[in-house]
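> sequence first, predicted coordinates after that:
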Amino acid sequence: MSDYQPVLLLFIFMLPVLYMMDTSLVILRRNPTHIENRLASLTTALLALMIICQYIQQLLPMEHTLLISVYLVYPISLAAACLSVLLHFRVTSSFHRMSMALCSVLSFSPLSIYLLLLLFKGPSFYFIGIRVEGPWKQPDYVTGFFVVIVLFLFISICNIGLCLAARKRSTTVLLRKRYTVLFKANLYYHFATFFVLLLIAMLSSYIYIDVSFVGIASVIWSFSIRHFMKYDVLPSVKKKFELLYHLSPTAILMLDRHMLLKEANPGAVRLLGYQNEAELKNKALLDFIVEADRLNVKNDYVATFPLQKWRNYEVSIRNRGGKQRLILMDTERITEGEEGFVLAVIRDITQQKEEERLIHFLAHHDTLTNLPNRYHFTKELENSLLAVREKKSLLGVMLIDLDRFKLINDTLGHQYGDEALVEVAKRLLNSVSKSHLLARLGGDEFIILIKDASEYDEIVSLAENIHQIFQLPITLQGQDFYLGGSIGISVHPFDDDTPNGLIKRADIAMYNAKHSGGNQYRLYTDEMIALVQRDVRLEKNLRKALELGEFVLYYQPQVDLASGRLIGAEALIRWNSAELGMVQPGEFITLAEQTGLINEIGQWVIAEACEQGRLWQERGWNDFMLSVNVSSRQFMQPDFVNKVEETLRSSGLEPGRLCLEITESMVVNNLNVARKMLDELVALGIHIAIDDFGTGYSSLSVLRQLPIAIIKIDRSFIMDMNAYESGLSIVKTIVSMGHDLQKQVVAEGVETLDQLEQLKQLGCDKAQGYYYHKPLPLQEFNKLLIDR
Ligand code: C2E
Ligand code: MG
Ligand code: MG
């Protein structure tokens with residue numbers, strides 16, 4: 001047994017020593033500069049040292065055992081215990097007002113008592129001899145040893161008392177938790193130590209009790225203190241506040257009664273545009289506050305000092321560089337007494353405010369035109385409706401939809417589409433007064449809120465002004481575009497009294513304006529709803545019409561005015577719908593254009609007309625010309641020319657017998673592309689006619705540039721010819737101008753003999769109209785041919 005005795009002892013003693021040394025280092029490393037960590041670390045290290053002494057005691061010859069106990073083991077363990085009291089005083093320092101010196105004196109009094117007794121009474125006061133039991137040696141105690149026990153008891157009570165008092169006064173859950181843990185650590189440790197010592201003192205003369213139980217108590221201490229560290233008492237709460245103070249982006253200032261800066265954290269130094277705290281010392285915070293607010297802030301401050309308590313006090317400051325910042329200040333008095341100080345916590349909310357403003361702007365505005373958006377408009381409309389209800393005045397909603405906007409987008413690209421929208425927005429803004437609200441609803445739709453109009457005419461005259469701005473072209477890439485605008489108007493209280501209802505009705509009126517050819521304004525009437533409903537039905541059926549073969553062509557004869565002979569016909573489409581009956585083109589062509597169905601329908605018309613033309617060609621009707629209407633969307637297809645060529649070829653109709661009717665508006669907006677396509681069509685041998693001449697944006701220079709063979713004077717001019725003096729002269733001008741340009745002139749809509757005679761006199765070449773014939777179904781037209 002004696003062979004392995006030193007090894008066994010080493011094992012028994014060194015394991016706790018290692019664990020405690022490690023604990024000591026861990027605590028220190030956690031925060032080396034902090035006094036609490038240092039104390040805890042030292043305490044643990046002393047306990048480890050005590051165990052080492054105990055080990056040495058076991059190894060050395062008998063005569064040293066007593067001396068080691070009395071001069072090393074007990075003083076060291078008492079010193080550790082005293083240090084632990086000091087640690088508790090520190091940890092709980094926020095709850096008592098004792099100075100560090102007083103705490104130290106109190107803490108180390110047990111050790112002093114022990115040492116004094118040792119000095120005056122000698123070691124035999126505690127021990128008289130040595131007792132050996134198996135491999136163990138230990139001093140034999142006498143009654144004086146109870147002094148040591150009482151000292152330890154005193155220390156235990158101190159520590160536990162401090163923990164409990166601090167726990168009771170803790171204001172936060174976290175703090176309470178910490179002191180609970182510390183309390184438990186103490187309880188276990190002191191209980192173990194005290195219990196072992198008591199046993200030793202009382203029973204050592206009867207039975208042997210291993211002194212290394214004290215070592216076990218020390219291990220309990222180390223273990224507890226490690227656990228305790230999880231609750232972060234050692235790197236103390238104060239440390240946290242220090243970190244916060246130094247690292248926080250928030251500016252923290254300490255001010256005196258005159259608002260002079262006494263302390264400033266780095267955040268504050270930065271905010272005010274300085275390099276370090278020293279430069280700021282004793283500067284007046286008022287000097288940073290913008291002049292306009294200065295007096296108010298000063299009065300507020302003086303009035304409330306020292307019971308300073310501002311919450312979210314918003315004020316603008318100007319920093320050293322002259323940059324203006326918006327700040328939010330919270331203040332709180334931090335010291336009592338006459339010379340009070342105020343702690344100010346300042347947040348820079350400049351960017352936040354700017355972002356809020358931007359978000360608000362974005363939520364309420366359209367980014368392209370910077371006009372208010374739909375959301376903002378609806379909100380304003382809601383408010384205005386409330387206001388107007390009391391005043392009993394009128395409120396108008398005017399919805400504007402651009403007519404040919406898509407054309408720009410499709411031919412020039414979205415960038416130019418955007419440019420056009422910005423231009424339109426600018427013009428609209430110039431035509432509305434400040435009291436109105438102009439907004440962009442989205443796409444090519446704008447809307448105006450006419451607040452508080454005293455009479456109907458006010459709304460109508462604004463509509464006229466708006467209509468006028470669309471008569472001027474918009475120049476994009478050197479080209480003039482005539483956009484045209486369809487305007488719908490609804491008026492409160494006549495049409496509706498809800499925001500959505502008013503917008504919806506303005507929309508219906510706008511739809512109506514568009515349906516009637518666009519570029520005009522319409523005031524809402526209840527009958528308009530029927531039109532929308534019919535259009536919905538039309539659209540539903542139109543999609544199937546081609547498949548069902550519901551389209552037919554009618555032919556309106558064209559007559560040579562000089563000879564009176566039938567020299568051709570215009571093919572006009574009709575839709576013989578199973579569900580809706582016979583539908584005129586005026587009702588469905590626009591719809592077909594809007595839905596894109598016009599491409600297929602138009603192609604069908606050309607094919608059908610060519611087929612029919614070939615039959616007449618075979619029958620030997622030699623001098624006839626068949627006219628076919630082409631819509632703008634159909635014409636703008638990139639492969640339009642190819643399609644026509646292919647159709648002509650497969651039908652076998654001579655190109656010279658086909659005339660395609662286009663309108664002015666189709667070409668003015670895209671002159672270069674149109675000219676190229678028309679040239680190609682003419683090169684095939686086809687004739688081109690300008691339909692409804694005079695109603696569009698007639699420009700002589702345009703006419704001259706295009707390879708047009710025929711001008712068709714619009715029916716409205718023929719109608720007006722006898723009604724006004726000027727009516728006749730307009731027709732006369734068109735005829736002579738057409739002839740000057742070497743073009744044939746055809747009169748549309750001739751209904752009376754009078755008109756016919758006058759046209760003959762003016763030298764007009766051809767005519768068509770009800771005077772001769774209405775558009776005829778094929779059979780009737782054929783009969784007419786036979787009669788001829
Ligand atoms: P448009 O090309 O100007 O055709 C002449 C219109 O005037 C025809 O109306 C015709 O019936 C009408 N009309 C002719 N003479 C008289 C008259 O003496 N008095 C009156 N009051 N009206 C007369 P319709 O057939 O209703 O066609 C209307 C428009 O629909 C056409 O005007 C044309 O722009 C378009 N359209 C007709 N068929 C087609 C087609 O196949 N394709 C395309 N894209 N458009 C077509
Ligand atoms: Mg026509
Ligand atoms: Mg016409």
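Right, received. Where do you want to start? Ligands and ions are numbered 1, 2, ... in the order given.

> can you map out the helices along the stretch 351-500 of the chain?
Taking DSSP state H, counting those that start in this stretch, the helices of the stretch 351-500 of the chain run over residues 374-391, 405-412, 414-431, 456-469, 499-515.

> can you list the buried residues in the fourth one?
In this case it means helix 456-469. Going by neighbour count (16 or more other Cβ atoms under 10 Å), the buried part of helix 456-469 is 458, 459, 460, 462, 463, 466, 467, 469. No exception for glycine: its C-beta is placed from N, CA and C like everyone else's.

> check the shortest one too.
Using 16+ other Cβ under 10 Å as the test for burial, helix 405-412 gives 405, 407, 408, 409, 411, 412.

> which of those lies closest to ligand 3?
residue 407 (20.7 Å; Cβ to the ion).

> for the closest one, give me its contacts.
Under the criterion of Cβ atoms under 8 Å, 6 or more residues apart in numbering, the neighbours of residue 407 are 481, 632, 636, 669, 670.

> rerun that using 7 Å as the cut-off
By Cβ atoms under 7 Å, 6 or more residues apart in numbering, the contact set of residue 407 is 669, 670.

> distance of it relative to residue 578?
Between residue 407 and residue 578 the computed distance is 34 Å (Cβ to Cβ, to the nearest Å).

> same check, this time on residue 75
With distances taken as Cβ to Cβ, residue 75 is found 117 Å from residue 578.

> among those two, which residue is more densely surrounded?
residue 75 (18 against 10; other Cβ atoms under 10 Å).

> report the contact partners of the more buried one.
Here residue 75 is in contact with 111, 114, 115 (Cβ under 7 Å, 6+ apart).

> could you do residue 772 as well?
For residue 772, the contact set (Cβ under 7 Å, 6+ apart) comprises 557, 559.

> mind checking the SS state of it?
Classification of residue 772 using DSSP: H, G, I helix; E, B strand; the rest coil returns coil.

> any idea how far it is from ligand 2?
Plainly put, residue 772 is 15 Å away from ligand 2 if you go by Cβ to the ion, to the nearest Å.

> tell me the phi and psi of that residue?
The phi and psi values for residue 772, taken as degrees, to the nearest 10, are phi -90, psi -70.

> residue 59 now?
Taking degrees, to the nearest 10, you get phi -80, psi -40 for the backbone angles of residue 59.

> same check on residue 272?
Here is the backbone geometry of residue 272 (degrees, to the nearest 10): phi -90, psi 0.

> how many residues are close by the residue nearest to it when sequence neighbours are not counted?
In space, residue 272 comes closest to residue 319 once its chain neighbours are excluded; the distance is 5.2 Å by Cβ to Cβ, 6 or more residues apart in numbering. Around residue 319 sit 15 other residues, with neighbours defined as other Cβ under 10 Å.

> quick check: the gap between residue 319 and ligand 1.
Distance check for residue 319 against ligand 1: by Cβ to the nearest ligand atom, to the nearest Å, it reads 69 Å.

> what sits against that residue?
271, 272, 273, 288, 325.

> which of those fall within helices?
Among those, the residues falling in helices (DSSP state H) are residue 271.

> return only those of the contacts of residue 319 found close to ligand 2.
Restricting these to those adjacent to ligand 2 (criterion: Cβ under 5 Å from the ion) removes every one of them.

> of the contacts of residue 319 - the most surrounded one?
Scoring the contacts of residue 319 on neighbours with other Cβ under 10 Å, the highest-scoring entry is residue 272 at 24 neighbours.

> what count of nearby residues applies to the residue nearest to residue 259 when sequence neighbours are not counted?
When the adjacent residues along the chain are set aside, residue 259 lies closest to residue 285, with 4.8 Å between them (Cβ to Cβ, 6+ apart). The burial count assigned to residue 285 is 25, neighbours taken as other Cβ under 10 Å.

> which stretch among the helices of the stretch 351-500 of the chain comes nearest residue 153?
Shortest separation from residue 153 across the helices of the stretch 351-500 of the chain is recorded for helix 374-391, at 77.1 Å, computed as Cβ to Cβ.

> which parts of the closest one are buried?
Applying a neighbour-count criterion of 16+ other Cβ under 10 Å, the buried positions in helix 374-391 are 374, 376, 377, 378, 380, 381, 384, 385, 388.

> before we move on, what about stretch 254-269?
Along stretch 254-269, these residues count as buried under the neighbour rule (16+ other Cβ under 10 Å): 254, 255, 259, 261, 264, 265, 266, 267, 268, 269.

> measure that stretch end to end?
Distance across stretch 254-269, first residue to last, is 12 Å (Cα to Cα, to the nearest Å).

> quick one, phi/psi of residue 141?
Geometry field for residue 141 lists phi and psi as phi -90, psi 160, criterion degrees, to the nearest 10.

> ok so, going back, just the buried residues of helix 456-469 now: which is nearest residue 343?
Sorting the buried residues of helix 456-469 by how near they are to residue 343, with Cβ to Cβ, puts residue 462 at the top with 59.8 Å.

> measure that closest one to residue 91 for me?
In terms of Cβ to Cβ, residue 462 sits 79 Å off from residue 91.

> which stretches of the stretch 1-150 of the chain have low pLDDT?
Low-confidence regions of the stretch 1-150 of the chain, defined here as pLDDT under 70, cover residues 1-6, 131, 133-138.

> off-centre distance for stretch 47-57?
Centroid displacement of stretch 47-57 relative to its chain, using Cα atoms, centre = their mean, to the nearest Å, is 69 Å.

> buried ones in that stretch?
Buried residues in stretch 47-57 (16+ other Cβ under 10 Å): 47, 48, 49, 50, 51, 52, 53, 54, 55, 57.

> out of the residues you listed, which is nearest to residue 12?
Proximity of the buried residues of stretch 47-57 to residue 12 was ranked by Cβ to Cβ; the top entry is residue 55 with 8.4 Å.

> ok, for residue 715, nearest residue in space, not its chain neighbours?
Among residues not flanking residue 715 along the chain, residue 749 sits closest, at 2.9 Å (Cβ to Cβ, 6+ apart).

> that neighbour touches residue 721, doesn't it?
No: counting by Cβ atoms under 7 Å, residue 749 stays clear of residue 721, with 10.3 Å between them.

> of those two, give the one with the bigger neighbour count.
When residue 749 and residue 721 are compared for neighbours, residue 721 comes out ahead with 24 against 18, by other Cβ under 10 Å.

> contacting residues around the closest residue to that one other than its chain neighbours?
With Cβ to Cβ, 6+ apart as the measure, residue 727 is the residue that lies nearest to residue 721, at 4.7 Å, once sequence neighbours are left out. Contacts for residue 727 (Cβ under 7 Å, 6+ apart) come out as 717, 720, 721.
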